[in-house]
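Asker: missing the sequence, but the structure's below:
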């Protein structure tokens, strides 16, 4: 029996090939992770086990998809970078995006017991969404990574101060929010230092800067060349990693 | 510190809103499942535990996404249907697709031990890809489901005959393939019956027709209204389910 | 000499196939026509010669593109409708849109002297832009046409009143604008009637309702079957035309 | 009267913003120009008046759209280049494409009598279609222009030889086609020289290389800075023009 009678429905499929010669970034985000981190009692503002689990899942994604050259993650998000020349899945957006999201999710759930210990998963389970974006120039890609890293810093400084006010200062969440409304970075640094004796600069790099995964270039690219950089002081490792992949000097960024 | 310097990179994000007033079908497929089914010794041609696991994951997806009205699955694929009027995630293709793929994957991995017993998962882990397609008319949607169901039938008849030749007939895989090359449905039915005493019509419906998940309409739509139809004789339940959602009579299909 | 070295640049072309089984509407709009109508002293609020020229250009488009089933125009815009089943140019948006825009422009410039007489064209010349939109259901298409027709009515009532105030009432443009700010339809009808003795209902249908072009169905569709309906009392001809193409009864619209 | 009841139809409009930071090329092509050139007795293989008309229309397009930095044309096609940084019409593909196609058509029809003299236009009139393509890197853009220019050369050498065989050699079109089937460039050069005494290198540059339009950079960009380069020996002017717009040295091309 041929299937020709209904096969016309394939004509409704629309191509979603990403523009050639552009960097492809697939960013995935945890769905409803503020609920999830409460449910499983994640440490606040950062749960090292949770970040290690994110990094382990991202590392598995990079091992299963050798076309990936770089990944950057913080909090409940991870950005995966395919090279401009990548032709995996003919650069189809849905294929690239769903494969990364699914592989990441698979390892996140599978590795959960190893990293999270006694907080056994129960439904509703963790899940992630994702999207692909093309960046034409190397500078655009660098700026994308910088954008995510600055976002990490802004959020982490806020969260560190907020939770210091709540956990060490005994404030209600609402009051802490009001205290921080309108403050700039220096205000938050001052609150941390003067009230709680916390020097923000001494916070762990992985909290302040996020994590970078990259492949060694020069060596043949195999999953074994993969390097995980959990902390990257002054973002130099991120820059070093990008420099390996991106031609030309890095413009200094202040 | 504002993030404005790099925020321009958001301008590279391109919208992927699916056309309004069309049925949205997200079909997911197992990646490399012929390897996976070999690795974990799935029964051939069909492993009931594996299908039950697929159905359980699909049921969880429908419970977590009340906007879904219908799902149809067979083998390592599942199609999820959003109503024409659905506005979930503003109908963004990547959001809809990755959310379904991720949720499905999450439950598939989580429920694996419950369904697959001793075949404990080891990397590389199962994963799925997916894509969204829009169908403008009710007839187009019905024909899509029919297309997948006919595909299920064609593949299952082939696989049932192939594995009968190999498992019961003692043939090598290559020889069985050659035996079946060029045969039509009636030939395969004849091989099954005359050589192995198998009446294909008596094979389990879930193998021949696939599985349908739908919501009770009329009742308020909540996850509790979800019905799983593992077997659907003569596809009448599929049609019944579609009739609940699709206005107008079903054209008879031969 | 082969051209293969550079031919890779074709890989940057991205498909723009419009979704199958949907009505395709290409609407074109005059670019900078308020300047143009001033430059060539078009009669205000409506210049019958200008509308006749628009209609003549639209008729030529429909004759050159037999796949078009309907066109609706008013002021400096025209909407052209391809049937759901249309496969012209494989339904490529850019091909369909540019062909209509170019053909329309060609006739508009060519026929200008015939319709506009002594107002000889000089650069900058008239031009049009356009875009294609898909409508999945017949009701969506009807509502699209109604949308444009209601827009025609709203604009024409405003313009008729505005120019009565300026031309017959001796007002400055600015004062007329202020006079009309915040008025509703009945206010404008009242101004026209009480101050200028104009009964808006007696204004020409082509000004109030726009123009419809359609093909005779039933007869074989050839360019000769094309009908131009310049005036359509109570929009009945528009509805009649749509009824010929769209199955099912028209819902009454108030 | 508000138009809100039908305004929902706007939700079917889908965005078509072209990726930021990429060169946008809009190429337009004459529709059915082999028929048209026969109808109006264009000189074969090249009609200088026809090319001059194309160039005049392209020049008008560049004057009306100051965002265009470059245009390249040959035969019945013209490619218009918007700068990577261009934000005209928010980079909407349909707006950019239809505006260029319409403006070009408008001038082509308007200027026809001036260039084509006694061959007065009659319906069906000339028209053009067009499409937009994005090129991420400067090299991609250069290669695009090279692709069109090599195409010009290949076609012109073929056409020059074909028409020499027909016009000077007294061959039927079919026989000339067969004569040329399978020949390479050197064969055609040889046919031209040995049989007809034509040295292809001495053919007019505008026939062999096409035409380039560019703006003077350095000077303020106004329509007055526009330069038309009808002939460009060894493509050096094309390269010079591109060099003005594209940073970095040109790689030598053999």
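Answerer: Arrived safely. Here the structure is a predicted model, which means the values were calculated and not measured. Numbering: from 1, shown residues only, chains lettered A, B, ... in the order given.
Asker: which bits of chain A sit near chain C?
Answerer: A:11-12, A:14-15, A:17, A:19-21 (CB under 8 Å from any CB of the partner chain). The C-beta positions use only the backbone N, C-alpha and C, and glycine is treated the same way.
Asker: buried ones among the residues you listed?
Answerer: Buried members of the residues of chain A next to chain C, counted by 16 or more other CB atoms under 10 Å in any protein chain shown: A:12, A:14, A:19-21.
Asker: circling back: of all the residues of chain A next to chain C, which comes closest to residue D:85?
Answerer: residue A:19 (17.2 Å; CB to CB).
Asker: give me the nearest residue to that closest one, chain neighbours excluded.
Answerer: Distance criterion CB to CB, 6 or more residues apart in numbering or on different chains; nearest residue to residue A:19, sequence neighbours excluded, is residue A:134 at 5.3 Å.
Asker: ditto for residue A:30
Answerer: residue A:76 is the one closest to residue A:30 (CB to CB, 6+ apart), at 3.2 Å.
Asker: burial of that neighbour, as a residue count?
Answerer: 20 (other CB atoms under 10 Å in any protein chain shown).
Asker: ditto for residue A:102
Answerer: Quick note: residue A:102 (other CB under 10 Å) scores 30 neighbours.
Asker: pretty sure it contacts residue B:100?
Answerer: No. Judged on CB atoms under 8 Å, residue A:102 makes no contact with residue B:100 at a distance of 10.0 Å.
Asker: what touches both of the two?
Answerer: residue B:130 (CB atoms under 8 Å, 6 or more residues apart in numbering or on different chains).
Asker: hmm, who's touching the helix or strand hosting residue A:55?
Answerer: Using DSSP states H and E, residue A:55 sits within helix A:48-64. Helix A:48-64 has contacts (CB under 8 Å, 6+ apart) with A:37, A:42-43, A:68, A:71, A:73, A:76, A:78, A:80, A:100, A:103-105, A:107-108, A:111-112, A:115-117, A:204, A:206, A:211, A:213, A:215, A:223, A:226, A:228, A:230, B:123-125, B:127.
Asker: now, the residues you listed that are in strands?
Answerer: Mapping the contacts of helix A:48-64 onto strands (DSSP state E) picks out A:68, A:71, A:73, A:78, A:80, A:211, A:213, A:215, A:226, A:228.
Asker: ok, those residues vs residue C:29, which is closest?
Answerer: After measuring these against residue C:29 - CB to CB - the closest member comes out as residue A:80, at 42.3 Å.
Asker: what count of nearby residues applies to the closest one?
Answerer: 29.
Asker: quickly list what it is bridged to.
Answerer: residue A:26, residue A:71 (DSSP bridges).
Asker: shaky segments in the stretch 1-150 of chain A?
Answerer: A:1-3 (pLDDT under 70).
Asker: drop anything exposed from the ones in strands among the contacts of helix A:48-64.
Answerer: Buried, going by 16+ other CB under 10 Å: A:68, A:71, A:73, A:78, A:80, A:211, A:213, A:215, A:226, out of the ones in strands among the contacts of helix A:48-64.
Asker: residue A:163 and residue A:184, how far apart?
Answerer: Distance of residue A:163 to residue A:184, given as CB to CB, to the nearest Å: 19 Å.
Asker: the two: who's more crowded?
Answerer: residue A:163 (17 against 10).
Asker: thought the more buried one was touching residue A:46?
Answerer: No. Residue A:163 is beyond contact range of residue A:46, at 9.1 Å (criterion: CB under 8 Å).
Asker: which bits of chain A sit near chain D?
Answerer: Counting by CB under 8 Å from any CB, chain A sits next to chain D at A:19-22, A:84, A:134, A:136-137, A:140.
Asker: try 7 Å this time
Answerer: Residues of chain A lying close to chain D by CB under 7 Å from any CB of the partner chain are A:19, A:21-22, A:134, A:136-137, A:140.
Asker: same list, those residues, but as TSV with distance to residue A:32 and secondary structure please.
Answerer: Formatted as TSV, the residues of chain A next to chain D follow (distance: CB to CB, whole Å; DSSP: H, G, I helix; E, B strand; the rest coil):
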residue	distance to residue A:32	secondary structure
A:19	32	coil
A:21	37	coil
A:22	31	coil
A:134	28	strand
A:136	33	coil
A:137	35	coil
A:140	30	helix
